[in-house]
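Novice: What follows is a predicted structure for the sequence shown.
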Amino acid sequence: MEFENVLIEKKGRIGRIVINRPTKLNALSVATVMELIEAFAIMKNDESVGVVVLTGAGEKSFAAGADIAELQKLDPLAGKEFAARGQGLTLLMENLGKPVIAAVNGFALGGGCELAMACTLRIAVDRARLGQPEINLGTIPGYGGTQRLARLVPRGVAMELVLTGRVLTAQEALSLGLVNKVVPSGELESAVEEMAAILLARPPFALRACMEAVLHGTEVSFEEGLRLEGTLFAMTCGTNDMKEGMTAFLEKRQAVFTGR
């Protein structure tokens, strides 16, 4: 499928989605969001893809947020549709069934920060800036920012960030746990590929089970989370990959996982 605002690439088992509007700092127009939904659906259905990387074109911006020219035209009804569209995208990303790594190569503001938070892991360059500055435009995050931010950093910090619109440096984001790793600009691609290689070496079923346990187990009561974890653990006990992992450990060799 041909896209105007998004690029799709594959390198081995790594799928790569690039927001390709560098002259607009990769702002998330409605058309771009629709293309991202389609791109992630393609990655979800491609069994040869084990890990997905999301980044922005150019060296300045991952995604600078919504397209202000579109945003200022919204009335309440259109605003509800706008938010639902973006939330649909971030839910798709979060529940893709395979890890998604955000390669944060610059500004990740507003909707851009919300996309990064919907990824499984976030690796940022040292000059990256992350935040939810929507308050300065007279509105609030609409793609899940208030909810995911409060789950990734302490609630009091999340409240401060959305109330003030303060933008974080990469190091501040790292200290808060908003990103997993910060690297120099020239090392982002290699750091992302290194993390992708680690994830690709893990058993796919157990990988999905881990993500489901963390994502969904923390949204329910502690007891319900434990039950979900127990169910997922039991399911791994019926896989060939668990048998291979145990055997390889006892035989002091590298396990070879097949996804079965």
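Specialist: Perfect, I can see it now. It should be emphasised that the depicted structure is a prediction, and the values quoted were computed from it without experimental measurement.
Novice: Please list the residues outside the helix or strand bottoming out on mean pLDDT in the chain that contact it.
Specialist: Least confident helix or strand of the chain, by mean pLDDT, DSSP states H and E, is helix 68-71 with a mean of 88. Helix 68-71 has contacts (Cβ atoms under 8 Å, 6 or more residues apart in numbering) with Ala27, Ser29, Val30, Phe82, Leu137, Thr139. For every residue, glycine as well, the C-beta is placed using N, CA and C.
Novice: what about the first one, neighbour count?
Specialist: A count of neighbours around Ala27, defined by other Cβ atoms under 10 Å, yields 24.
Novice: can I assume it is in contact with Phe62?
Specialist: No - checked against Cβ atoms under 8 Å, the pair Ala27 and Phe62 is beyond contact range at 11.2 Å.
Novice: And the helix or strand just after the least confident helix or strand of the chain, what does it pack against?
Specialist: Downstream of helix 68-71, the next assigned helix or strand under DSSP states H and E is helix 76-94. For helix 76-94, the elements it packs on are helix 30-45, helix 111-118, judged by 3 or more Cβ pairs under 8 Å, 6 or more residues apart in numbering; DSSP states H and E.
Novice: Quick check on Asn180: phi, psi?
Specialist: phi -90, psi -30 (degrees, to the nearest 10).
Novice: May I have the beta-bridge partners of the closest residue to it other than its chain neighbours?
Specialist: Nearest residue to Asn180 in three dimensions, chain neighbours excluded: Leu121, at 5.0 Å (Cβ to Cβ, 6 or more residues apart in numbering). Listed beta-bridge partners, Leu121: Ile101 (assigned using DSSP bridges).
Novice: Can you give me the neighbour number for Leu121?
Specialist: Neighbour tally, Leu121, other Cβ under 10 Å: 18.
Novice: and what of Glu212?
Specialist: Counted with other Cβ under 10 Å, residues neighbouring Glu212 total 16.
Novice: That one touches Leu232, doesn't it?
Specialist: Yes - using Cβ under 8 Å, Glu212 is in contact with Leu232, at 6.3 Å.
Novice: Please list all residues in contact with Met117.
Specialist: Applying Cβ under 8 Å, 6+ apart, the residues near Met117 are Thr90, Gly144, Gly145, Arg148, Leu149, Leu152, Leu178.
Novice: Against Leu178, how distant is it?
Specialist: To Leu178, Met117 is 8 Å away according to Cβ to Cβ, to the nearest Å.
Novice: any chance you could map the strands in the stretch 101-250 of the chain?
Specialist: Ranges of strands in the stretch 101-250 of the chain, per DSSP state E, counting those that start in this stretch, are 107-109, 121-125, 129-131, 167-169, 181-183.
Novice: among those strands, which is the most enclosed?
Specialist: Of all those, strand 107-109 carries the top mean neighbour count, a mean of 27, counting by mean count of other Cβ atoms under 10 Å.
Novice: Of all the strands of the stretch 101-250 of the chain, which one comes closest to Cys237?
Specialist: Among the strands of the stretch 101-250 of the chain, the nearest to Cys237 by Cβ to Cβ is strand 121-125 (26.6 Å).
Novice: Tell me the helices and strands packed up against the closest one.
Specialist: strand 100-104, helix 170-176, strand 181-183, helix 188-200.
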